[in-house]
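> when you get a sec, could you give me coordinates for this:
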Amino acid sequence: MSGYYIGIDIGSTAAKTVVLSGDAVAEAFTLPTGWSGKETAGTIRRTLEEKGYLTGDHRCTATGYGRVCVDWADRVVTEITCHGKGGWALFGRDCTIIDVGGQDTKVITVAGAQVKDFLMNDKCAAGTGKFIEVMASRLGVSLAEFYALAEQGAPLAISAMCTVFAESEVISHIGAGERREDIAAGIVHSVAGRVARLCERHGITGDVALTGGLCDSRYFIATLSGELGRPVASHPFARYAGALGAAIAAAGKDFAGVREFSL
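Numbers count the residues shown, from 1 in each chain. Below is the predicted model:
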């Protein structure tokens, strides 16, 4: 097939799209999911049409929280499968992939590009990227500013396992006049600790690799590495792992391996 392989990952916070052409990434872009996954899917379709990727000689696979909203995709595939395929392609080896998403966190064991086992957290958002996003807003800063603050802080204890109670702890710290740097550091350590405990329940095989929205934060990666007692690898393209895996799934048996991830 000489056309394009398109992968769309509509998460609870962001929607990622990857287009493969042959063995290289031709396009990758992110849009906020917003209140309607259906509207976001429509925007993605118009963008792909404008860029000339929906030629009729293409295949499209959708994944993620809002995958059913992409009713024009050829197929839908679970997030677990797509993050496994995309993560294995990015890191090029058998490993344990941690995907910290906006709604949930997944720990996936991959071997030979196949998912061997996985474990997801419960429905509480306290161990996800959404908790950090909400807490950054509570502190009145952007995510970039939040991580910059956290790097300068001494982490305060945030021990509650429930999102609502954890937020109450943060509000108490704010009311007590604690430094924002220390509160931010405590929030990151709280999330990293929950992710580490999920990994302990699942078990770790081989190296550890991080995908999802937190993969760009050096501070979170360093904190999670400390919680796990082992290095955590990331990749500049890791936030697109789910969409990349969906594009690989779209390629199916024609897929020979991605050669290039940079755009």
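
> beta partners for the residue most central in space within the chain?
Compute the mean C-alpha point of the chain, and by C-alpha atoms, centre = their mean the closest residue is residue 212, 1.6 Å away. Per DSSP bridges, residues listed as beta-bridge partners of residue 212: residue 100.

> quick one: pLDDT of the nearest residue to residue 66 once chain neighbours are set aside?
Spatially, and ignoring its direct neighbours in sequence, residue 66 is nearest to residue 37 (3.0 Å; C-beta to C-beta, 6 or more residues apart in numbering). Quick note: C-beta positions are derived from backbone N, CA and C, even for glycine. You'll see residue 37 listed with a pLDDT of 86.

> next one: residue 52
93.

> also residue 258?
Per-residue confidence (pLDDT) for residue 258: 66.

> let's have the chain start at 5 instead
Done: numbering now begins at 5, and the last item shifts to residue 262.

> run through the strands of the protein in chain order.
Remark: strands assigned in the chain by DSSP state E are 8-14, 18-25, 28-36, 62-67, 79-80, 99-104, 109-115, 118-124, 211-216, 236-237.

> which helices and strands does the third one pack with?
When contacts are defined as 3 or more C-beta pairs under 8 Å, 6 or more residues apart in numbering; DSSP states H and E, strand 28-36 sits against strand 18-25, helix 41-54.

> ok, which of those comes nearest residue 122?
In terms of C-beta to C-beta, the element of those nearest to residue 122 is strand 18-25, at 19.7 Å.

> which regions of the stretch 5-154 of the chain sit below the pLDDT cut-off?
5-6, 126-131 (pLDDT under 70).

> correction: the previous question concerned the stretch 155-267 of the chain.
For the stretch 155-267 of the chain, the stretches with pLDDT under 70 are 164-167, 257-267.

> quick one, helices of it?
167-179, 184-206, 222-232, 245-255 (DSSP state H, counting those that start in this stretch).

> rebuild those helices as a markdown table, extending it with mean neighbour count.
Output for the helices of the stretch 155-267 of the chain, formatted as a markdown table (neighbours: other C-beta atoms under 10 Å):
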| stretch | mean neighbour count |
| --- | --- |
| helix 167-179 | 16 |
| helix 184-206 | 21 |
| helix 222-232 | 19 |
| helix 245-255 | 30 |
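
> a markdown table for those helices, including distance to residue 155?
As requested, the helices of the stretch 155-267 of the chain are exported to a markdown table (distance: least, C-beta to C-beta, whole Å):
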| stretch | distance to residue 155 |
| --- | --- |
| helix 167-179 | 18 |
| helix 184-206 | 8 |
| helix 222-232 | 5 |
| helix 245-255 | 25 |
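
> so which of those is nearest residue 52?
So among the helices of the stretch 155-267 of the chain, helix 245-255 is nearest, using C-beta to C-beta, at 12.1 Å.

> what's in contact with the closest one?
Contacts of helix 245-255 with the rest of the structure, by C-beta atoms under 8 Å, 6 or more residues apart in numbering, involve 9-13, 15, 20-24, 29, 32, 63-68, 78-79, 81, 83, 85-91, 93-94, 101, 103, 215-216, 241, 259, 262, 265.
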